Every structure is written in structure tokens, then in C-alpha cells.
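> Give me coordinates for this.
(chains A and B)
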Amino acid sequence: MSLPKDLKYTKDHEWLKLAGDVATIGITKYAGEQLGDVVFVELPKIGTKVNAGASFGTVESVKAVSDLFAPVGGEVIEVNEALIKAPETVNADPYGAAWMVKLKLASASDASGLLSADDYQALIG
Amino acid sequence: MHAAAGARFVPFAGYEMPVQFAGLIAEHQAVRTACGVFDVSHMGEVEVFGPEALAGLQWLVTNDISKLVDGKALYTVMCVANGGIVDDLIVYREKADRYFICINASRRHDDVAHMKSELSRFACTVTDVSDAWGQLAVQGPNADDVIASMTTAEVRDMAPFTWLDATVGGAPVRIARTGYTGEPGFEIYVRPRDAATFWDALMKAGKPHGLVPCGLGARDTLRLEMKYALYGNDIDLEHTPLEAGLGWVVKLDKGDFLGRAALVRQKEDGIARKLVGFTMRDRGIPRQGYVIRHGGKDVGVVTSGTHSPSLNAPIGVGYVPANLAAVGSTFDVVIRDRAVPAEVAKTPFYRRDER
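Numbering: from 1, shown residues only, chains lettered A, B, ... in the order given. Okay, the predicted model is just below:
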């Protein structure tokens, strides 16, 4: 499994892509594989403020329920509505079409301390 | 051997169990459209034999064992005195004085202790033979083609809940026309020493018929679409078979049995809560343990819930007060602090002839 190098990762298996003060967030391919076939995604409303480390939504496979944790704090400025109708995209295209939310960062320093692709790869083995 | 087939394992009742191979939904669909095989070797097996084996079993279980003939089996539950369910089981008659019983792995030790205690005053012997048997369930519309190609026995003609001993794929097995999926198929008891040989023969014979190794995840979605009860989820010592919708295996007129008085009383008093199947009217997947709420009060609990691969929709089962048990009744399921409306559905949720 090769991880996109331009993304940052968390130990909770989220990925994050930074562009200025906007972070796009999703979950990793590994997370999707561990969950199994994803059949349900619940995402926050636009305008919701989330703290770093807090749950911002839920992803469910047939068997399991898993919280989504915000890698950084910020305000939700965009939500992937298409994903709610096609949750299986989380397994099929985790780093592309299955992005979940875009957050406007509360503070730029928030994103420090996230894992590089190599660090995350070492974590999942 | 399953690790070679790409299995992911989880611990279950002390056993390492394959939870999925190719992916739960793919496995589920294979069973509905072709066939799948489940390794359910964790299931327990018990032999009851002796001159009073029949009388003992008639006391022990709620269904009428006297209706069995050699080569037939039946589904039943056994209860404690207050009507709570000790386990659900399948009883196979070998001879008038000899029975082979399949029980749940998670209940094995409690079941055997219960059976030995309750049958101690009958002239019969209870033997836990779980370690002497493995079990593979071959299920799906193509299951007959697969098994028929592996044996000279007339397996296609087998009626539901019949069984026979035969040589299948070169191995001596006990093959039963039973299952837990709602599809045609077999549950096949095999000796551990023959299991690897039989598995290999089955994989080879199954290939042209689309046979797929399946994990316990698919087994759960398949059984839940049929509203088949799972011990520990939908049935337990806290609920009676009448509450669980298993009144059809309770034969109150067969003579006295353990739990009968309590079940008669419950029937006379009216059954206050019932196990129902429901679908969701809004987004959300019900899960075991979620609260059922009605009129601002917590009135019940979800005992099993999942996303149904066949219906591509959430389904659930749970106990509700009798006045909310009719098809079309509505209540809320509390999903992460949100009350999501649900509606009692006709069950089974899935019917073969409607696809």
C-alpha cells in the first residue's frame, strides 16, 4: 500500500491535506480496510466548530461503528454531500472522492504534530 | 487453512474465528446468488442416549421430540423454570434412544452442566462431543449442485430438517438439511481429522458453482435478514421463547417440561413484550444495545441491528411492549443521542422468491 506523500496523517487513521488555512480531511485506506465495507457516513453541518481531537462525525461498516476525530480544530466550511449517498466510496477512493469535510483552521500551528506518510506507514506496519 | 484464503480472524467465545474473507457484502451476495461455506466448527455437539433419552429430552426442551423419527431433526429451545432461554438447539434423532444435539459455542459449558443436572434423574447419558466434530455450513442456491457432485448420496432429495451419514468428498460426514441463512443448503459435521481433506475437496467441487468461503460477519447479516435469533443478542435467560416469537417451538400440550408452568402463566397473562423486526424511516443504522423510545419513555432495546446488504437498508430487531409490536407500529431508536424514527416490519426482512 503506498500512501500519498502530500498528506498528513493521525494515529486515529484520518488524513489531512493542507492548502493555506483550509484542511481537507478523510480516513485512510487502512482504516477503510479495517472497518470493512463502509455503508454509512454521518458528517457535521457547515458552520460547525470542531476542536482538535473531537469527534466530528461517524463512519459505519456493516459490522462496526467508528467515530471520526478532527486532526485539527476549525470551522466546517464544506461537507462532501455526495459521500453520504455513496458511502462505499470510502473503500474505493479514500484519498480522492471520499474526502469528508473541509475545515478552516482555528490556528495555523494546529497542524504541527501530525504524522508524515512515512511515520504513518511505520504505525500501521 | 483460512489464513491462506485471506481471512481476518477475531476471537469469538474463546475460538479464533474467520470474520471475513473477500469482504462481508461480497460474501453475503455470494450466498444469496451462488453459494458460500462457513466454518462453524466452534458450534458444540452433545450426545444424549439411553433408555430414557426421549423422556429426558421431552423434559429438557420445549418442542415435541416424540414427533421425530430416525433421520429427522428439529429446532427447539430449552428453558429454566421461569421460562428464560438457556439456549436454542437442533436435536437430531439417530435412534429412539439416541440423539445428537447441536448447541451454541458460547453456551457450551452452561448447556452441558444444565443438561447433565436436569437429566440426572433419567436413565440416559449426556456426553459433550464438541471436540470430536467440526462443522461446515454450505449455503446458497448452488449448494445442492456442489454437494451432489461430491457424493453418491441422494442429497438433492433431502427434505428440510432431515439428515444422513454419507461419504462426501472422500470423508465420512453427517450431513443435515439445515441452515442459518434462509437459502437452501446443508450443515455438514465432519471429524477434525477429515476436516482439511474435506475442505480441499469442497473448494475444488465448489469452484465451478461460485462457492466462496464466508466469515461470521456475513453469517450474521444473512441470519438477521431472516430474523433468525442469535443467542446472547435476541434470546437469553432474561427472555422467554413466547416473547422472542418462538412460540412455534413451544408445545404446551406435549406433557410437562422445564419452564412449562411459567410459559402457561405468561400466555394466560398476556405477553407484555415482544421481539419485532423493524426498518428505519430516517438515516441511521440500529445496533445492539441502542434504546427504543416511545412517547418520551425508554420502552425497549435493540438486540441486533445492521445494514442489510440484500435490501441495501438498515434493519433491526428488538424487544418492544406488545402494544407497539404490530407491523406498521412506530417508535424511535436512539442513535448517538438522536431519536431516529423506525417502523415495525414484516419479517423475514428478505424473501428468496421476491428477488
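
> so the spatially most central residue of chain A is in which element?
Geometric centre of chain A, nearest residue: A:Gly26, 2.3 Å, by Cα atoms, centre = their mean. Using DSSP states H and E, A:Gly26 sits within strand A:22-27.

> who does that strand pair up with?
strand A:14-19 (antiparallel), strand A:101-105 (antiparallel) (DSSP bridges).

> could I get those strands as a markdown table with mean neighbour count and distance to B:Ser106?
Where C-beta positions appear, they are placed from N, C-alpha and C, glycine not excepted. Formatted as a markdown table, the strands paired with strand A:22-27 follow (neighbours: other Cβ atoms under 10 Å in any protein chain shown; distance: least, Cβ to Cβ, whole Å):
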| stretch | mean neighbour count | distance to B:Ser106 |
| --- | --- | --- |
| strand A:14-19 | 18 | 35 |
| strand A:101-105 | 20 | 40 |
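
> Same list (these) but as JSON lines, adding distance to B:Ala262 and mean pLDDT.
Listed next are these as JSON lines, based on distance: least, Cβ to Cβ, whole Å; pLDDT from 0 to 100:
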{"stretch": "strand A:14-19", "distance to B:Ala262": "52", "mean pLDDT": "94"}
{"stretch": "strand A:101-105", "distance to B:Ala262": "54", "mean pLDDT": "95"}
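
> closest to B:Gly300 out of those strands?
B:Gly300 lies closest to strand A:101-105 among the strands paired with strand A:22-27, at 34.4 Å (Cβ to Cβ).

> Just the CA atoms from the closest one would do, formatted as CSV, please.
The C-alpha atoms that make up strand A:101-105 are tabulated as CSV, following Å, rounded to 0.1, in the frame of the first residue of the first chain:
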residue,chain,number,x,y,z
VAL,A,101,-15.0,17.8,5.3
LYS,A,102,-13.0,20.9,4.8
LEU,A,103,-12.1,22.9,7.9
LYS,A,104,-10.9,26.5,8.1
LEU,A,105,-8.1,26.1,10.7
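
> Hmm, B:Ser304 and B:Leu224 touching each other?
Yes: assessed by Cβ atoms under 8 Å, B:Leu224 is found in contact with B:Ser304 at 5.5 Å.

> For the closest residue to B:His42 other than its chain neighbours, grab the count of nearby residues.
Leaving aside its sequence neighbours, B:His42 sits nearest to B:Ala105 (Cβ to Cβ, 6 or more residues apart in numbering or on different chains; 3.9 Å). A count of nearby residues for B:Ala105, using other Cβ atoms under 10 Å in any protein chain shown, gives 19.

> My read is that B:Ala105 contacts B:Asp39, right?
No: contact criterion Cβ under 8 Å: B:Ala105 and B:Asp39 do not qualify, at 12.0 Å.

> just for the chain, where's the confidence low?
Because you didn't say which chain, this covers chain A. Within chain A, the ranges that satisfy pLDDT under 70 run A:1, A:108-110.

> Hmm, no, I was thinking of chain B.
Those would be B:1-21, B:353-355, if you go by pLDDT under 70 across chain B.
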